[in-house]
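Q: what's the 3D shape of this:
(chains A and B)
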Amino acid sequence: MGNYLIFKSVFMLLALIGAFGYFFKKVTRLYKIMMAVDGEPKPFLDQVARRVKVVFTDVLGQTNVRRKFAPGLAHTLIFFGFLAIQPHSFELMIQGVIPVFHVGYIFPGIYTSYLFVADILSFFVLVGFAYAIYRRLVLKPDYLTMGMDANLIILFTSIIIISFHFINAFQTLIAVGEDGFSYAGAFPISGIFASVFNLGALSQSSLLIGYEIFYYIHIGTILGFLIYIPGSKHLHLLAAAPNVFFKRMGMEKAIVKTDIENEEAETFGLGKVSEFNWHNVLNLYACTECGRCEELCPASNTGKPLSPKKIIHDFKVDLLNQSDLLLNDKKHEILPIIREDSEISKDVLWACTTCRSCEDICPVNNEHLDFIFEMRKYQVLMEADFPTEMQETFNNMENQANPWGFSADSRADWCKDIDVPIMAEKQKAKVLWFVGCAGSFDDRGKKISLATASILNKAGVDFAILGPEESCNGDTARRAGNEYLAQMMIQQNVETLSQYKFDMILTGCPHCYNMIKNEYPDFGADYKVVHTADYFDTLIKEGRLKINAKDFGKLTFHDSCYLGRWNNIYESPRDILKKANTGSLVEMDRSKAKGFCCGAGGARMFMEETIGKRINNERANQVVESGATMVASACPFCATMLNDGIMETNKQIPVKDIAEIIDEATD
Amino acid sequence: MKICVCVKHVPDTAATIKLAGDNGFEDSEIKFVSNPYDDYGVEEAVSLCEKDGGEVVIVTVGKKAASATIRSAMAMGAHRAILVKTEGQFLDSDLTAKALKAAMEQDGLPDMIFTGKGSVDTESFQTQYRLAKSLSMPVVNEVSTLTVNGGKAIAERETGGGERQVIEMSLPCVVGATKGLNEPRYPKFPDIMKAKKKEIKEIELSDLGIDASNGKVVIEKLEAVPERSGANMLEGSVDAQMTELVRILKEDEKVL
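A: Prediction:
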């Protein structure tokens, strides 16, 4: 026995040093990779107290993952159970080397209570796994990666849990020596294991052997798991919590302002993996390919080659494959992300509508769009390689400050027959209404603008527009990667806006809204920006607009991505629609935070959609399925896309902007 | 190979032109661009030089502000530029060709000259012919396919009715480019930045011995094109529509 104990001590010591050493070496390498990339991260170390709190609620509280109920609950059970057994397993490891080590001697009361709780929580891991296996073998959702990786991990962890219970069961049965510690009553579940497997019938020596066997199975699997983690998607276990800690606080975000005047810069945007920033890399480490992003992605859902889950995976593979070059100062040899035969193709890159449903749903708060935006910048600025149809759009914006190329000086022609004041003449107004390109030039948009003007006049609002002085807000250029052109547009507007006095900027277009509100501050223009949905709501509440509700029938509201997910405006459009409509308001299955894009975002409005189904047709089908007789939107681009989509369904479902509905329902 | 590309600085056709005086227009508020047909010439010249080496020189006759247009052509890959400065937008084709010739002679004559098939502002469609004649070079206009090989250029042009002419000429020659010749590239951002530092040699028109007031064509008056009135849609049976159409052409429009 003495010899065995010495053998066990030495063996365990070597095994522990080997496994932990390997693990730390791997993790250190991953950390070095994360620190070796060149990209400039956004500042992420503000609001530390709030960040700590978020880790408590989102990670420990598991709130984020439970937004999908059943898998989330299973994850919670696995998470807590697995955490709960760790101290005990760690103690067992030390005991393997130093047999006399026993926490129970020091804190018997606390120790027994801990074991009691851990024993119960551990069992719930198996319940969680039962659901996980059921989901993988029976439900088989499309968005879930069915790979060996996931199955292995379930196997590993199940062995760890089951062997944990057997170890406990043996411990309760093994006779307690004079200076021993009694495990009586410590293991409610493992006690059941003992009786189910009739372990009580075994002799003391058999019990000791059984204990040792399960000890090695338990510790061996844990150490195997430890070696396996850093190279698998289960790196998630290590990276998820820090990733959540460093997440973006709040939904509003701006595309990073690239310093295009920096003459030292050799490249712009994201062309190869060494140009990630560390936060990007942490994102890659944190992903466990749960597929929630893919489930919601409008591109994935309509047969495009883009899957947010897959790009994160592919970035990670590309990064790790080229990590030797990265770590050995051979960055110049690193191949570009988009190259022949690379998984991330141009079709993948340009399919994104930037709707942000992936980011919104991601349980570890990954920001997929950061990759997309920076890669598009690289493709346009450095390679001039983008969908050919965008060239005309870019030229139009550069020459006439709107994507269609209408004469810039005809920007206010939409209101030449009505009385709309121009800022250049007025100099000062309470509300500066930024009409936008769609509202100024597009036939559908112009009708929405006329309705908005009518509402503002009814409410007696002191407003003015910029007219020909207004430029495109820069959203399309920026989201298409043309940072140079976008900054040109932004600068023009910033300069124009600074000439006038006003209390707030009103926009009817969520893209204008998002740009001016969230992205113009980086260019020195910090204004109060209000979307018509919120503004009409305020005007009604203040009694300045008198609602005379009409029957618009069964109405549904289509959330614009840039109003909803980008800016968290979900309620005000619904509130005003409920007030204006004597009929009912129904919700589509995909609404609010899960709203399905119309297909126009991310400059997709101006690109051909040739792969798979059309996104707007898919959304139109969802409108039809809701049973609505009319659909309301709060974005001129959504209105156009929905209208085109619905026409192809052969249903008569009119699409109206909230402004048109409110105009009809007010006196 | 040295290639000169004649690029004109013209108002964007989308711009609304406001007339000023009898024969001028307000140019401070409107956007000027490089003449779109000239862009095909720039692209072709740059591609040729990328393939076989050489130098692309932009030659522009225009106002000082034309340097913005020249920069955009240089962002596409042209190496340097010569700007022959004029006071006004309108210089007739004869003087323009003379200015281009003088500037090119001063710089050293090129192996090839590209122009657009015409400029979208004055649409005289003469400069390339006058320039070629004065330099005794062959010229083909409206070229939509071009091959340059061993001192020869083979140009294809559409002549309408589905016919194509294939013309072989020796270098040096003048090629008037049109749509179809290529897809003018969108400049890469670093090239835009580099273009800001490339050389533009400015020459006064008078320094070339050309008097702007000596043009053969003088614009006496500019008038806005009247806005098109609404189309008159004819209704009824085909016979009735035809009868009505003939009546309108005879009685109202008096063209028959």
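Q: Check whether B:Val255 sits in a helix, strand or coil.
A: Under DSSP: H, G, I helix; E, B strand; the rest coil, the three-state class of B:Val255 is coil.
Q: wait, what's in contact with the residue lying closest to A:Cys362 once chain neighbours are set aside?
A: Spatial nearest neighbour of A:Cys362, chain neighbours left out: A:Cys293 (5.9 Å); criterion: Cβ to Cβ, 6 or more residues apart in numbering or on different chains. (Each C-beta comes from the backbone N, C-alpha and C, glycine too.) Contact analysis of A:Cys293 by Cβ atoms under 8 Å, 6 or more residues apart in numbering or on different chains lists A:307-309, A:357-359, A:361-362, A:366, A:368.
Q: OK, contacts around A:Asp475?
A: Residues in contact with A:Asp475 (Cβ under 8 Å, 6+ apart) are A:486, A:511-512, A:514-515, A:603.
Q: let's see 6 Å
A: A:Asp475 makes contact with A:511, A:515, according to Cβ atoms under 6 Å, 6 or more residues apart in numbering or on different chains.
Q: Equivalent analysis for B:Leu256, please.
A: Counting by Cβ under 6 Å, 6+ apart, B:Leu256 makes contact with B:249-250.
Q: From B:Leu245, how far out is it?
A: 10 Å (Cβ to Cβ, to the nearest Å).
Q: if we can go back for a sec, does the residue nearest to A:Cys362 count as helix, strand or coil?
A: helix.
Q: Next SSE downstream of the longest helix seen in chain B?
A: Ordering each helix of chain B by length in residues (DSSP state H) puts helix B:36-52 first. Proceeding N to C from helix B:36-52, the next assigned helix or strand is strand B:55-62, under DSSP states H and E.
Q: list the buried ones in the following helix or strand past that next one?
A: As assigned by DSSP H and E, the chain's next helix or strand after strand B:55-62 is helix B:67-75. By neighbour count on 16 or more other Cβ atoms under 10 Å in any protein chain shown, the buried set for helix B:67-75 is B:67, B:69-75.
Q: One more: stretch A:496-510?
A: Judged by neighbour count (16+ other Cβ under 10 Å), stretch A:496-510 contains these buried residues: A:496-497, A:500, A:502, A:505-510.
Q: Return the subset of those lying in strands.
A: When DSSP state E defines the strands, the subset of the buried residues of stretch A:496-510 inside them is A:502, A:505-507.
Q: residue contacts, the nearest residue to A:Phe124 once chain neighbours are set aside?
A: Leaving aside its chain neighbours, A:Phe124 sits nearest to A:Leu77 (4.2 Å; criterion: Cβ to Cβ, 6+ apart). A:Leu77 makes contact with A:124, A:127-128, according to Cβ under 6 Å, 6+ apart.
Q: any low-confidence regions in chain A?
A: A:1, A:43-44, A:177-180 (pLDDT under 70).
Q: Can you name the residue of it nearest chain B?
A: Nearest residue of chain A to chain B, counting by Cβ to the nearest Cβ: A:Leu381, 3.7 Å away.
Q: so that residue sits right up against A:Phe268, yeah?
A: Yes - contact criterion Cβ atoms under 6 Å: A:Leu381 and A:Phe268 qualify, at 4.5 Å.
Q: Residues of the stretch 101-250 of chain B that sit close to chain A?
A: B:186, B:188-189 (Cβ under 6 Å from any Cβ of the partner chain).
Q: okay if I get these as TSV plus neighbour count and secondary structure?
A: Shown next, in TSV, are these (neighbours: other Cβ atoms under 10 Å in any protein chain shown; DSSP: H, G, I helix; E, B strand; the rest coil):
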residue	neighbour count	secondary structure
B:Tyr186	22	coil
B:Lys188	19	coil
B:Phe189	26	helix
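Q: Show me what the longest helix along chain A is packed against.
A: When chain A is parsed with DSSP H, its longest helix is helix A:2-36. Contact here means 3 or more Cβ pairs under 6 Å, 6 or more residues apart in numbering or on different chains; DSSP states H and E; on that basis helix A:2-36 packs against helix A:69-97, helix A:204-228, helix A:323-327.
Q: tell me the phi and psi of A:Phe536?
A: When quoted as degrees, to the nearest 10, the phi and psi of A:Phe536 stand at phi -60, psi -40.
Q: show me the contacts for it.
A: If you count contacts by Cβ under 6 Å, 6+ apart, then A:Phe536 has A:576, A:662 around it.
Q: Try it again at 7 Å.
A: A:455, A:545, A:576, A:658, A:662 (Cβ atoms under 7 Å, 6 or more residues apart in numbering or on different chains).
Q: Distance of A:Val54 relative to A:Arg248?
A: Distance from A:Val54 to A:Arg248, by Cβ to Cβ: 11 Å.
Q: Between these two, which is the more surrounded one?
A: Per other Cβ atoms under 10 Å in any protein chain shown, whichever of A:Val54 and A:Arg248 has more neighbours is A:Val54, with 19 against 14.
Q: Which of the helices or strands spans the more buried one?
A: helix A:48-54.
Q: I'd like to know which elements that helix is packed against.
A: Counting contacts by 3 or more Cβ pairs under 7 Å, 6 or more residues apart in numbering or on different chains; DSSP states H and E, helix A:48-54 packs against no other helix or strand.
Q: Thanks a lot, catch you later.
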